[in-house]
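Q: Using only what follows, build the 3D model:
(3 chains)
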Amino acid sequence: MTYHRLAAPALAAALAAAAADASAQEIRFMCYSDGNECEVYDDILDRFEEENEGVTVAVDTVPYQAILENLPVQLAAGTGPDMAKVTDLGGLSDHYLDLAPHVDRAYWEENFDRTLGWYRGDRDPEGIFGMHSQLTITGPFVNATLFEEAGVEMPGSEATWEDWAEATRAVTEATEADFPMAMDRSGHRIAGPAISYGAQLFDEEGNPTLSDEGFEAYVAKFVEWHEDGTMPRDVWGGAGGSTTVDAAQEFINGELVFYYSGSWNTGRMEEQIGDFFDWQVVGSPCGPEGVCTGMPGGSGIVGFEQTDHPEVVAAIIDFLAQEEVYAEATARTLNIPAHAAVAEAGVEYEGVSEPASDALNAWARQVPQISPVAYDYQGYTNNRAMFNVTVERVSQAVVGELSVEEAMRRMEEDLDAAMAEVGAE
Amino acid sequence: MARIVDMLTATRGKGGRLHWTDWVSYGYLCFGLLLMFGPVVWLVLSSFKTPNELDRFPPRFLPYVQETVEVEGFDDPLLVYTATAGELEGQRVALTRRAGSRAEVVVPDDPENRIRLQMKELEARERVAFTTSNYTELFERFTFFRYLFNSTFITVMATAIMLLVNSMAAFALSKFEFRGRTTVLLLVIATLMIPQTVVLVPLYLLVTQMGLYNSLWGVIIPGAATPTGVFLLRQYMVTIPDEILDAARMDKASEWKIYWRIILPLSAPAIAVLAILAIMWRWNDFLWPLIVLSENENFTLQIALFSFQGEFQTDWPNLLAMTVLTLLPISCVFMFLQKYIATGIASTGGK
Amino acid sequence: MLRVIAPVMNVIELPFRWLQRRLGLKLIAWVFLLPNILLFGLFAFLPVILNVFYGMTGGTDVMLADRPNVGAANFERLLSCDNYLDPNSCRDDKFWRAVYNTIWFVTLQVGFMVGFALITALVLNRKIRARGFFRSVFFFPVLLSPVVVALIWKWILQREGILNAFLDWLNGTWAIEGLSAVIVALGGTALSVQGIAWITDAGWAFFWSVFISVWAHMGFYTLILLAGLQAIPRDVYEAATMDGASAFRTLRRITLPLLAPTMLVVVILALIKGVQTFDEVYAFTGGGPGTATTFIIQYIYEEGFAGQPRLFGLAAAASILLALVLVVLTGIQLWLNRRSVDG
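A: Numbers count the residues shown, from 1 in each chain, chains lettered A, B, ... in the order given. The predicted model follows:
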């Protein structure tokens, strides 16, 4: 087994070091679930515990809110856990444990090449700071049955956002569906389409910006679609601040033709739509210039420098990164692999129907289409701030509190203010 | 206008017959019953629904599940529909396959004979059924009783400490003349103004510095330091006549004895009010325990409740079931204390 | 229970007697105050004091020692406005939107809350059957945690919720036609088959935020008012009935004036709690649509805790401003209180 060969020396050293300190080998793993992730990791890590006597990994399942809001404060105060499943990959990078001294660099670089950079932030460009456990891609779900009923042909893979808007409006008119299109209320979701419309997000010097022409062009379209009823106001108008709102329920009930969300919803669609109608995953629509990208994203497992047992934490993460373990976790949690070898071999998802399996593989096929801008954006340390600013201000434009121009101006100002504070450190 | 007022103030008509104003009063109360209780009933019923039933529109009052039937030749049970058109009209059929709007069904007794229909021509057959799996899953999924214990421990300890400390302070502030009394009282009122939400970060750092991080006491002690109790109890104790105290002092009773033999029993109604308020606050507290407690063994019910909220998805069926479970103990406490609350608030508020 | 407590209390008494002999009656008061002062000092005052220091620092570090001093910059950012009546002209427009939303919210919420609590208390004060039961019914929502309150109502009011389903079912009947006419007359949009966007229309979202917070807290104030009503001596009413005073006159000349002190407590408490409204509305609308239901505590919470980057300094500065306003409100309370006692 590959695992034994790779991790055993590291762990042996760890155990030897810890033998002097006979007491604690307990590792706290702060985890959150979108479905069953924590249960699956708990189960898989039981095997790690069996193989490494004296080590216990306690999985603390917390609300996602705790990961997002409390964990950073806990880390700053020095009271964080040993390891965690996080989503603000770049933002917390200062606290990550560098796994490089403890793991096989070649193996990691070969398999996590695309995602290792997301964890580095401003730190050592050679460091290995986290394992991307769940790759997500934003993109649309389409209700194929409604298209069939309406007798409208579904736009192809080169179709633009305009084409989809037109087609879905036609479907809505011909059927009982209520809404042509909807997109999750999230700064991350809207980034993909904005990049397709030409948003660069960073200027020549690499400084972040939210108000280039491409971004504004998409926001203007987006607001227009809310005004003419192509998109329901319920979603982006449904909350304030940076709260995420989805439209999954509408899609599941067959009221929505085109739902721009992401790969993480596949399991839910499979479970809840069942036989009610046919649904499909299609590629992200294109912008006027032929860029058709979604946003990559997801969560990863990291260790923290504060831990008393860096070797053990590294060994655990390395264990989870081994091909067969990673493949098992991916299959059981219905995720898309970020591990190159696992992705190449394909994942046999456990206990899912044909449409869901097709959908998951359709997501995986979209990975190569992702624009480099989207990768950079996902890996940028302060992208959370940018997502939040986007969602707050665009929402205000959608509900009519601000005009599109005002919203764009405010976005830039908010971003500048945030950058100034971050720079003031 | 006068009539409305008349209705609100008049007492019941003579001779046992109900005056029309009584009818209006009962109407108002029944409307209130519907408005105040209806949503809670809806919550409880929803917690017995399947995920699909929860997402359904229009929603239905009672939980339903679709009938299934075992048909020979199929591994899984099939969903049962009633055909609404074609030769099978009115018959009970099982769905075998579906593609787009077309469906293939069989009559359960005759599994060989596949019949093609439009999906529109089928109507699901359903029956009322309470899904208990939302609840049973909770017990499988995590150590429910551990969380229950933690929540109970925090609530009981915080309430006890708060009652003791606050009643002592209220006694001092209401029955002694000393320099600085007004200052202390003003500071108490001033803290009443500042919600915990706005001091989360400094409070967190303090608690961490004191080594209370990830300990139940880190939730209990800051929780006990609320000014409302001092304020409420003091307002009540002021009304206790000084003569009773003086008589006791004549008998050489110590101040401590006066406090716990005279003041406490006489303040029982106000203490009951404070008790229910404190129990409610600590039991429902979420934000603070979430920050202070980091390990599973110390989690409370409220933290467990919200761990059903992920980044993208919320597990509604389990979350609703958990909500109902957390509501049960506090409702029981309320039923037990409600007599005292009525008299308690009655005697505190007005003074 | 008393059997457990009594011996403990008796044991405490011994050292206490000794203390009392040493200190005398004046100082013993401080002994009673001590535990409370310790708890308060550490967990209520000290954080507030620390917050003042946070308010004068910038950056995103959590530890106070690492944070650069920026003087009054945070206050400047919050308070600089071209026109204080137009949030759009302010440097921090979100803060001012939150301020105006809070003012509106508190005005409406306190008004409705006190109004309905008074009506309910008057009804419950009548000789009716099952009074204890109805009293409990009106108090029950007070027991629910704010998040649960929000969750229940969100469930009911969402576009696919039970209220819209109910209206759908009523559609075409006279009830809906009539209601529709009333709503149009009031400047709203006519009720449509698709259901109303209760949470996503700014006006409705605001209305329901007020409604929900009244729903959740009314029971508490009802009980206080009920208590006040029951404290009014029976013979006053009897005298009034003898004089043949009408019910309206009795209410205006006897009930309301005698209820005034209780009303003051209720109004002030409701006012303070109203300004502090956060959890239930945050869980209900998230402050939206746009910023329509974003109140001041949410602004502080988001800037300092939930947002990115975490601007503790700005949040602390806003919380200090809030505290100042609340202290002024309390001052008014005390002044009114004194005046009503003197006058």
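
Q: longest helix in chain C, by residue count?
A: Ranked by residue count, the top helix of chain C under DSSP state H comes out as helix C:2-40.

Q: Just the mean pLDDT for that helix, thanks.
A: For helix C:2-40, mean pLDDT rounds to 83.

Q: again with stretch B:195-211
A: Mean predicted lDDT for stretch B:195-211 stands at 86.

Q: With stretch C:166-185 instead?
A: 73.

Q: Establish whether it and chain A are in contact.
A: No - Stretch C:166-185 is not in contact with chain A by Cβ under 8 Å from any Cβ of the partner chain; minimum separation 12.7 Å. All C-beta spots, glycine's among them, are computed from the backbone N, C-alpha and C.

Q: what distance separates the start and the end of that stretch?
A: In stretch C:166-185, first residue to last residue: 22 Å (Cα to Cα, to the nearest Å).

Q: Now do that stretch: distance to the chain's middle.
A: How far stretch C:166-185 lies from its chain's middle: 33 Å, per Cα atoms, centre = their mean, to the nearest Å.

Q: just the CA coordinates of stretch C:20-37, formatted as CSV?
A: Only the C-alpha atoms of stretch C:20-37 are listed here, as CSV (Å, rounded to 0.1, in the frame of the first residue of the first chain):
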residue,chain,number,x,y,z
GLN,C,20,-20.2,42.0,60.1
ARG,C,21,-18.8,42.6,63.5
ARG,C,22,-15.5,43.8,62.0
LEU,C,23,-16.9,45.9,59.2
GLY,C,24,-20.2,47.4,60.5
LEU,C,25,-23.4,47.8,58.7
LYS,C,26,-22.3,50.3,56.1
LEU,C,27,-19.4,48.3,54.7
ILE,C,28,-21.3,45.0,54.8
ALA,C,29,-23.3,46.2,51.9
TRP,C,30,-20.2,46.0,49.8
VAL,C,31,-19.7,42.4,50.8
PHE,C,32,-23.1,41.7,49.4
LEU,C,33,-22.1,43.6,46.3
LEU,C,34,-18.7,42.1,45.9
PRO,C,35,-19.4,38.9,43.9
ASN,C,36,-21.6,40.9,41.5
ILE,C,37,-19.0,43.6,41.1
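
Q: returning to that earlier point: which is the next helix or strand following the longest helix of chain C?
A: Sequence order places helix C:46-54 as the next helix or strand after helix C:2-40, per DSSP states H and E.

Q: low pLDDT regions in the stretch 1-150 of chain A?
A: Within the stretch 1-150 of chain A, the stretches with pLDDT under 70 are A:1-24.

Q: Who are the contact partners of residue C:314?
A: Applying Cβ atoms under 8 Å, 6 or more residues apart in numbering or on different chains to residue C:314 gives the contacts C:74, C:77, C:78, C:92, C:303, C:304.

Q: Would you check how far apart it and residue B:114 are?
A: 68 Å (Cβ to Cβ, to the nearest Å).

Q: Give me the local confidence score for the residue of chain C found nearest chain A.
A: Ranked by Cβ to the nearest Cβ, the top residue of chain C for proximity to chain A is residue C:287, at 2.8 Å. For residue C:287, the pLDDT comes out at 85.

Q: same question, residue A:377
A: 92.

Q: Skipping its backbone neighbours, what lies nearest it in space?
A: Closest residue in space to residue A:377, ignoring its immediate chain neighbours: residue A:201 at 5.2 Å, by Cβ to Cβ, 6 or more residues apart in numbering or on different chains.

Q: Setting aside sequence neighbours, what's the nearest residue to residue A:400?
A: Nearest one to residue A:400, counting by Cβ to Cβ, 6+ apart, is residue C:290 at 7.8 Å.

Q: I should have written residue A:121 there, sorry.
A: In space, residue A:121 is closest to residue A:93, 2.9 Å off (Cβ to Cβ, 6+ apart).

Q: is it true that the one you found touches residue A:124?
A: No - using Cβ atoms under 8 Å as the test, residue A:93 is too far from residue A:124 to be in contact (10.2 Å).

Q: just to revisit the earlier point, next one: the residue of chain C closest to chain A relative to residue C:78, how far apart?
A: Taking Cβ to Cβ, one finds residue C:287 at 18 Å from residue C:78.

Q: any idea how far residue B:193 is from chain C?
A: Counting by Cβ to the nearest Cβ, to the nearest Å, the gap from residue B:193 to chain C is 4 Å.

Q: residues contacting that residue?
A: Residues in contact with residue B:193 (Cβ under 8 Å, 6+ apart) are C:272, C:323, C:326, C:327, C:329, C:330.

Q: Residue 87: how many residues sit nearby?
A: Answering for chain A, as no chain was given. 19 (other Cβ atoms under 10 Å in any protein chain shown).

Q: meant chain C, my bad for not saying
A: Count around residue C:87 with other Cβ under 10 Å applied: 20.

Q: Do I have it right that it meets residue C:101?
A: No - contact criterion Cβ under 8 Å: residue C:87 and residue C:101 do not qualify, at 9.6 Å.

Q: residues contacting residue 212?
A: Answering for chain A, as no chain was given. A:198, A:199, A:200, A:201.

Q: hmm, I had chain C in mind actually
A: Neighbouring residues of residue C:212 by Cβ under 8 Å, 6+ apart: C:149, C:150, C:153, C:280, C:281, C:284.

Q: The strand or helix carrying the first one vs chain A: in contact?
A: Per DSSP H and E, residue C:149 falls inside helix C:146-157. No - contact of helix C:146-157 with chain A (Cβ under 8 Å from any Cβ) is absent, the minimum separation being 9.9 Å.

Q: and after that helix, which helix or strand comes next?
A: helix C:162-170.

Q: can I assume residue A:327 is in contact with residue A:345?
A: Yes - taking contacts as Cβ under 8 Å, residue A:327 lies within contact range of residue A:345: 7.3 Å.
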